[in-house]
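A.B. asks: Task: produce atomic coordinates for the following.
(one chain, ligands or ions: 2)
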Amino acid sequence: MNLLAIETSCDETAAAVIAETGDPARPWQLKSNVVASQDAIHREWGGVVPELASRQHLRDICGVVDRALEQASVGWADLGAVAVTQGPGLLGSLLVGVSFAKSIAWSRGIPLVPVHHLAGHIESLVLQHGELALPAAVLVVSGGHTSLYFIRQPGHYELIGRTRDDAAGEAYDKVARLLGLGYPGGPIIDRLARGGNDRAYAFPVSRMTHADRNQPAATAPPGLLPPHLARSVDFSFSGLKTAVMRLVQAKGAMTDAEIADIAASFQRVVVEALLDRTFEAASWLGARSLGIAGGVSANSRLRADAEARGAKAGLPVFVPPLSLSTDNAAMIGAAGLRRFRAGITADWDLNAEASLAL
Ligand code: KG4
Ligand code: ZN
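C.D. replies: Ligands and ions are numbered 1, 2, ... in the order given. Here you go, the predicted structure:
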């Protein structure tokens, strides 16, 4: 069966066609993956402007879907289902994709499958590498999320850690802005950091290790992790961002070399914070594989360090290829086929949801 997938949760308009292979170990085949990025539009404002994003989705969606079908050599009559990102994301942006997918499903008389954006990021790993050895620990790091999941059964994602404030990608984007670099900041900091000294500055990263009655309960379900670990697998990046801000204010004008050193030092701390917790939780939980997905998984240092740690720990580490790490519809198609085969379809009153639990 061919499934058409649509993703419009933030600032990329994306469509893809995914087919089933019949092989349980490698269940899905990518037939096309088309993304129209709005980076050039939002760059001018230093971040995503929701109203501009939804209007651009409207302009782009027809052409993007046409191209996805054409590149897959698939006609409307060959589609067995349509999957769409229902949330979380920007409401106006999500609505464009949800309405478009609904119209296709209704006019073709085929099922509509609602997909959670983060399920898509997680399933991008399976689309690329085949089914992960379970149980698996999967870290989703993007502009909007930093969430660690434990997967014991395919399609069941247990949240065991998340950020208390900024997402990792958001920290990259904000620090890039403080340094006067462009948008999105992640790829720029990644590139500059390669030429900097990652020990030039000792930035702090908070770790919630101590019980505190003012502190919210840990994210992991009780009993899954020992209390000290459950607390420490929650992330926090806003203090780090403030530390960079103070340094930049104190310095005033900076040379390119200083900017590269700040970028490298910032990146080292973010990558260590992400990997320390993920590997610790994975080891405690007896994970047989570890995945990292989402826009920040495109980061060259995160990928290299994760692979090195995995090799040392004897734990297979999986990351998506760059084309599947930032937002795309192929991952929504993969998660959509998983849900469709689990019997999940939507009614015609399906609505976009800006916040949605996985
Ligand atoms: O998954 P994604 O495309 O969108 C969301 O769902 O948020 O992630 C976008 C985020 C942005 O914050 C961007 O700066 C970050 O991913 N990003 C990176 C890199 N490429 C994209 N962060 C660090 N290093 C990169 N190479
Ligand atoms: Zn995303």
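A.B. asks: burial count for Asn299?
C.D. replies: Look at Asn299: counted by other C-beta atoms under 10 Å, it has 27 neighbours. C-beta: built from backbone N, CA, C; applies to glycine.
A.B. asks: Give me every residue in the stretch 251-358 of the chain lying close to ligand 1.
C.D. replies: Neighbours of ligand 1 within the stretch 251-358 of the chain, by C-beta under 6 Å from any ligand atom: 294-296, 298-299, 326-327.
A.B. asks: Contact partners for the residue of the stretch 201-350 of the chain found nearest ligand 1?
C.D. replies: Nearest residue of the stretch 201-350 of the chain to ligand 1: Gly295, at 2.0 Å (C-beta to the nearest ligand atom). Gly295 sits next to 141-143, 169, 184, 186, 325-327 when contact means C-beta atoms under 8 Å, 6 or more residues apart in numbering.
A.B. asks: separation between it and Pro50?
C.D. replies: Note on Gly295: its distance to Pro50, by C-beta to C-beta, to the nearest Å, is 18 Å.
A.B. asks: what do you get for Ser238?
C.D. replies: Here the criterion is C-beta to C-beta. By it, Ser238 lies 22 Å from Pro50.
A.B. asks: and Arg191, how many neighbours?
C.D. replies: Around Arg191 there are 13 other residues, counting by other C-beta under 10 Å.
A.B. asks: Quick one: residues contacting it.
C.D. replies: Contacts of Arg191 (C-beta under 8 Å, 6+ apart): none.
A.B. asks: After whichever helix or strand it is part of, which helix or strand is next?
C.D. replies: According to DSSP states H and E, Arg191 maps onto helix 185-193. Downstream of helix 185-193, the next assigned helix or strand under DSSP H and E is helix 227-232.
A.B. asks: I'd like to know which elements that following helix is packed against.
C.D. replies: Here helix 227-232 touches helix 256-284, going by 3 or more C-beta pairs under 8 Å, 6 or more residues apart in numbering; DSSP states H and E.
A.B. asks: any idea of the mean pLDDT for the helix it packs on?
C.D. replies: Averaged across helix 256-284, the pLDDT comes to 97.
A.B. asks: what do you get for stretch 124-133?
C.D. replies: Rounded to a whole number, the mean pLDDT of stretch 124-133 is 98.
A.B. asks: Name the residues that touch it?
C.D. replies: Contacts to stretch 124-133, defined as C-beta under 8 Å, 6+ apart, come from residues 18, 24-28, 30, 138, 151, 154, 288-289, 291, 293, 316, 318-321, 324-325, 328, 330-331, 333-334, 338.
A.B. asks: In space, what's closest to Val317 - neighbours in sequence excluded?
C.D. replies: The spatially closest residue to Val317, leaving aside those adjacent along the chain, is Gly310, at 3.4 Å (C-beta to C-beta, 6 or more residues apart in numbering).
A.B. asks: Which of the helices or strands spans the one you found?
C.D. replies: With DSSP H and E as the test, Gly310 turns up in helix 300-313.
A.B. asks: now that helix and helix 256-284, what's the angle there?
C.D. replies: Using axes from the mean of the first three to the mean of the last three C-alpha atoms, to 10 degrees, the direction of helix 300-313 lies 40 degrees away from that of helix 256-284.
A.B. asks: what element comes up after helix 300-313 heading to the C-terminus?
C.D. replies: Immediately after helix 300-313, counting by DSSP H and E, sits strand 317-318.
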